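K.L.:
need a 3D model of the following:
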Amino acid sequence: MSTRPAAGDPFPDIAMETPDGGSVKASDFAGRKLVVFFYPKDNTPGCTTENLDFSALKGEFDAAGVALLGVSKDTAKKHQNFIAKHDLKAPLASDAEEGGLSDALGIWTEKQNYGRTYMGMVRTTYLIGPDGTIARIWDKVKVKDHAAQVLEAAKAL
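P.N.:
The predicted structure is shown next:
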């Protein structure tokens, strides 16, 4: 288990697959502010709401010069379906099954639900400054009003 990075640390530069089969990593956004929001699974209620909220505010993030990127371990194909089904505007990326960005950040971890233990994503959002360092971390995110709070913090950065 790696130590989780903190505000002020560099954000790991690990490539992820985009729904169109390309790749994306944090350094692709060098010189810009970037919000990377990690969520557990496409097409589940909380994750759908979170993605819709970020999509609804994408124009405001764009106007503030802030790039958005949603990340889960779902496949590129699942992301394509999720985007099409909900007309999502915030770009998505698929993290690697093993050794990916969420592993490096320490947010792919053991979880428990109804007595069952499994590996899962801790809903976490990172605000990354133009220099590639972590400006702020929202850990164990509650979806309600989250995207708006992140937008305000990003504007203030």
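K.L.:
quick one: the helices in this structure?
P.N.:
Remark: helices assigned in the chain by DSSP state H are 45-56, 58-63, 76-86, 101-105, 146-156.
K.L.:
between those, which one is closest to residue 116.
P.N.:
helix 45-56 (18.1 Å; C-beta to C-beta). C-beta: built from backbone N, CA, C; applies to glycine.
K.L.:
next one: the closest one to chain centre, how far?
P.N.:
12 Å (C-alpha atoms, centre = their mean, to the nearest Å).
K.L.:
what comes into contact with it?
P.N.:
Contacts to helix 45-56, defined as C-beta atoms under 8 Å, 6 or more residues apart in numbering, come from residues 35, 37, 39-42, 61, 68, 70, 72, 82, 86-90, 92, 123, 141, 143, 146-148, 150.
K.L.:
and stretch 100-118, which residues are buried?
P.N.:
For stretch 100-118, the neighbour count (16 or more other C-beta atoms under 10 Å) marks 100, 101, 102, 103, 104, 105, 107, 108 as buried.
K.L.:
just how off-centre is that stretch within its chain?
P.N.:
Centroid displacement of stretch 100-118 relative to its chain, using C-alpha atoms, centre = their mean, is 15 Å.
K.L.:
how about stretch 82-90?
P.N.:
Centroid separation between stretch 82-90 and its chain, computed with C-alpha atoms, centre = their mean, is 15 Å.
K.L.:
alright, that wraps it up for me.
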